[in-house]
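**Q** Structure of the sequence below:
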Amino acid sequence: MKPTLAELTLKLEEKFGKLNSQAEHCTEDFYENYHEFINSIRSEKIIIIASPNMLANKLQESKYTRYRTFRGLSILLIIAGLVTIFFNWKIGLGLIVGSIILKIISSNLKKRVSRNFAFELTSKISTNSDEGMFDICQYYIAGILQLASSKGRAHLPLIPSYSLTGIEEFARRS
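**A** The predicted structure follows:
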């Protein structure tokens, strides 16, 4: 059952604190187009795209930040490889190749985490549309999500209905 605008705003304020005017405008837009968003996401007319960097920065959970470990090891190996190449080129070259492999692993892990997060949100809309819409609303306001369709790709500061209508409108600021 569709929550009221006051309930949706109150729930978001519990999560974020007092909403700014931009977040309020996006919340109102989600509320006005509530069923259109649910139907479009279920029928895959709108897809959810999660930014892996924003996901890792905003949600400090290990499953979203694990790629950073491989990226850090990659940096260490490239430095060690560049230093070692002057003393023993075979070992140095091996360290550089290992660095490249870790960089590829980090990149693939980063993309996979982002896709899985978007898939979980899409699945949540299918099973429990009210909780799913709240999650989409909160992650959109946090700047983690984009809503993409054939009409446009909505992300802050654009209002979310841009992905439904194709009419470019920015969330108002006070």
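**Q** So residue 118 sits against residue 46, correct?
**A** No. Residue 118 is beyond contact range of residue 46, at 11.2 Å (criterion: C-beta atoms under 8 Å). For glycine as for every other residue, the C-beta is placed from the backbone atoms N, C-alpha and C.
**Q** Between these two, tell me which one has more neighbours.
**A** Comparing residue 118 with residue 46 by other C-beta atoms under 10 Å, the one with more neighbours is residue 46, at 25 against 19.
**Q** what's the spacing between the more buried one and residue 128?
**A** 18 Å (C-beta to C-beta, to the nearest Å).
**Q** quick one, helices of this protein?
**A** Counting by DSSP state H, the chain has these helices, from start to end: 5-16, 21-32, 34-42, 52-58, 62-65, 67-84, 89-127, 129-142, 162-165.
**Q** Just the CA trace of stretch 50-65, in CSV.
**A** Output of stretch 50-65 as CSV, limited to C-alpha atoms (Å, rounded to 0.1, in the frame of the first residue of the first chain):
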residue,chain,number,x,y,z
ALA,A,50,24.5,2.0,-8.9
SER,A,51,27.7,3.9,-8.8
PRO,A,52,30.3,1.6,-7.3
ASN,A,53,32.4,4.5,-5.9
MET,A,54,29.4,6.2,-4.3
LEU,A,55,28.2,2.8,-3.0
ALA,A,56,31.5,2.1,-1.3
ASN,A,57,31.8,5.7,0.1
LYS,A,58,28.2,6.0,1.4
LEU,A,59,27.6,2.4,2.6
GLN,A,60,30.7,1.4,4.6
GLU,A,61,30.1,-2.3,4.5
SER,A,62,32.8,-4.8,3.6
LYS,A,63,30.9,-6.3,0.7
TYR,A,64,30.9,-2.9,-1.0
THR,A,65,34.5,-1.9,-0.2
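**Q** please begin residue numbering at 599 from this point
**A** All right, first residue 599 from here; so that's stretch 648-663.
**Q** got a list of contacts for it?
**A** If you take C-beta atoms under 8 Å, 6 or more residues apart in numbering as the criterion, stretch 648-663 is touched by 665-666, 708-709, 711-713, 715-716, 719, 737, 740-744.
**Q** Name the nearest residue to residue 684, sequence neighbours excluded.
**A** residue 690 (7.3 Å; C-beta to C-beta, 6 or more residues apart in numbering).
**Q** Any idea how many residues pack against that neighbour?
**A** Counted with other C-beta under 10 Å, residue 690 comes out at 17.
**Q** Check the gap between it and residue 669 for me.
**A** For residue 690, the distance to residue 669 - C-beta to C-beta - is 20 Å.
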